[in-house]
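Asker: Next comes the sequence, and after it the predicted model I'd like to discuss.
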Amino acid sequence: MRRLALALCLTAAAAPAFADFPEAVRDHILPGYAGFAAATAALDAEAQADCSPQGLRPAFQAAWDAWMAVAHLRLGPVEDHGRVLAIAFWPDPKGLGTKAQMALLTGDPAALTPEHFPEQSVAARGLTGLERLLYPAEPLPADPCALIRATTADLARMAGEIDAAWQGGYADVLLTAGEPGNTTFLSRPEVRQALFTQLAAGLEFVEDSRLGRPLGTFDKPRPERAEARASGRSLRNVTLGLQAMKGLVQALTPDAPQTVAAFDHAIALAEAMDDPAFAGVAEPQSRLKVEILAEAVDEIRVVILSELAPELDVGIGFNAADGD
């Protein structure tokens, strides 16, 4: 699987005509975080009324769907206080989340109060923590109701704080780039650079982690490493993530037809697959489909460098996975 150095630097060329980042903020970022806040609030309201795992699963799935609309955006308020890890701690190769949750299930109930639950391990919280409670692989050692409610309340709190922070000021930090007093973004191209970095890193995560981890090697496939395997949404996360990143591209510019076509190709491949948790990676025919999808995602990474980066007036400068 190819690994490209995806990154950015400012160029001296005049910026081309495109929708630009104010549209990305207005049409992609703000609605995405508002949707996540609404979905987690609805999930928490259901949990406080009835914490039955079976009954909560639809609201849980809707909340994770909403997270996928913004999961590729790792800048600003979502990074504060470790929120992004507390919302979705994955990969977790050492099983830290399970160990921490078992301790919470059988430990001091005071740890589950709104005052103390945010102090608990990020590995035990968020969507990945809630998945283990709603789709347990084996019987839990204690009634999970209190922990379920603590987790949904914590999720709703974080989502609400992120939404409020974007609405209440961080959006203006991007929109006023280059203006006096803005010490975060000293120019408008820096915002495009940051958003392109999010896109590049998001694609890398899909290829290397969401697809690469369950693929493993031909001799040693690892379907048990798939994201959200217990809730059967490993493939869905890939599909929704690609759709969301395509939306970011379209909000930034209408003039990247090759990039959009590359996204459409990968999304069509994902939508045609019938392997929700990538269980088929151990079978040659099913594995081939996942490998082809991974190659299609890699092709998007190639195209965004050749077409989208010049369109946005950014270029190769440093590894996108290193952050902005």
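Answerer: Right, received. Where do you want to start?

Asker: give me the low-pLDDT residue ranges for the stretch 1-150 of the chain?
Answerer: 1-18 (pLDDT under 70).

Asker: If we use 80, what do you get?
Answerer: Applying pLDDT under 80 to the stretch 1-150 of the chain flags residues 1-19.

Asker: Helices of that one, start to end?
Answerer: Remark: helices assigned in the stretch 1-150 of the chain by DSSP state H, counting those that start in this stretch are 21-24, 30-49, 53-68, 83-87, 96-106, 126-134, 145-165.

Asker: mind putting those in TSV, mean neighbour count included?
Answerer: (Each C-beta comes from the backbone N, C-alpha and C, glycine too.) TSV is the format used below for these (neighbours: other C-beta atoms under 10 Å):
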stretch	mean neighbour count
helix 21-24	20
helix 30-49	20
helix 53-68	19
helix 83-87	21
helix 96-106	17
helix 126-134	24
helix 145-165	22
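
Asker: can I get the ones you listed in JSON lines with distance to Gly232?
Answerer: Converted to JSON lines, the helices of the stretch 1-150 of the chain look like this (distance: least, C-beta to C-beta, whole Å):
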{"stretch": "helix 21-24", "distance to Gly232": "31"}
{"stretch": "helix 30-49", "distance to Gly232": "18"}
{"stretch": "helix 53-68", "distance to Gly232": "9"}
{"stretch": "helix 83-87", "distance to Gly232": "20"}
{"stretch": "helix 96-106", "distance to Gly232": "18"}
{"stretch": "helix 126-134", "distance to Gly232": "10"}
{"stretch": "helix 145-165", "distance to Gly232": "19"}
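
Asker: Tell me which of those approaches Gln243 most closely.
Answerer: Among the helices of the stretch 1-150 of the chain, the nearest to Gln243 by C-beta to C-beta is helix 53-68 (8.2 Å).

Asker: Now do the closest one against helix 145-165, angle only.
Answerer: Helix 53-68 runs at 20 degrees relative to helix 145-165, counting by axes from the mean of the first three to the mean of the last three C-alpha atoms, to 10 degrees.

Asker: Just give me the neighbour total for Pro93.
Answerer: Other residues near Pro93 come to 8 when the count uses other C-beta atoms under 10 Å.

Asker: next one: Pro109
Answerer: 11.

Asker: out of the helices of the stretch 1-150 of the chain, which comes closest to Ser306?
Answerer: helix 21-24 (20.8 Å).

Asker: Show me what the closest one is packed against.
Answerer: Identification of packing neighbours for helix 21-24 by 3 or more C-beta pairs under 8 Å, 6 or more residues apart in numbering; DSSP states H and E yields helix 171-175, helix 188-205, helix 234-252.

Asker: mind giving me TSV with those and columns for distance to Ile292 and mean pLDDT?
Answerer: Shown next, in TSV, are the helices and strands packed on helix 21-24 (distance: least, C-beta to C-beta, whole Å; pLDDT from 0 to 100):
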stretch	distance to Ile292	mean pLDDT
helix 171-175	36	97
helix 188-205	16	96
helix 234-252	13	98
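
Asker: could I get those helices as JSON lines with distance to Ala34 and mean neighbour count?
Answerer: As requested, the helices and strands packed on helix 21-24 are exported to JSON lines (distance: least, C-beta to C-beta, whole Å; neighbours: other C-beta atoms under 10 Å):
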{"stretch": "helix 171-175", "distance to Ala34": "11", "mean neighbour count": "18"}
{"stretch": "helix 188-205", "distance to Ala34": "18", "mean neighbour count": "22"}
{"stretch": "helix 234-252", "distance to Ala34": "14", "mean neighbour count": "22"}
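
Asker: Adding distance to Ala86, write these out as JSON lines.
Answerer: Output for the helices and strands packed on helix 21-24, formatted as JSON lines (distance: least, C-beta to C-beta, whole Å):
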{"stretch": "helix 171-175", "distance to Ala86": "22"}
{"stretch": "helix 188-205", "distance to Ala86": "17"}
{"stretch": "helix 234-252", "distance to Ala86": "18"}
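
Asker: Excluding sequence neighbours, find me the nearest residue to Cys145.
Answerer: Cys51 (4.1 Å; C-beta to C-beta, 6 or more residues apart in numbering).

Asker: With Ala66 as the reference, name the closest of the helices and strands packed on helix 21-24.
Answerer: helix 234-252 (9.5 Å).

Asker: That closest one to helix 53-68, inter-axis angle?
Answerer: 30 degrees.

Asker: so which of the helices of the stretch 1-150 of the chain gets nearest Ala309?
Answerer: Nearest of the helices of the stretch 1-150 of the chain to Ala309, taken as C-beta to C-beta: helix 21-24 at 14.7 Å.
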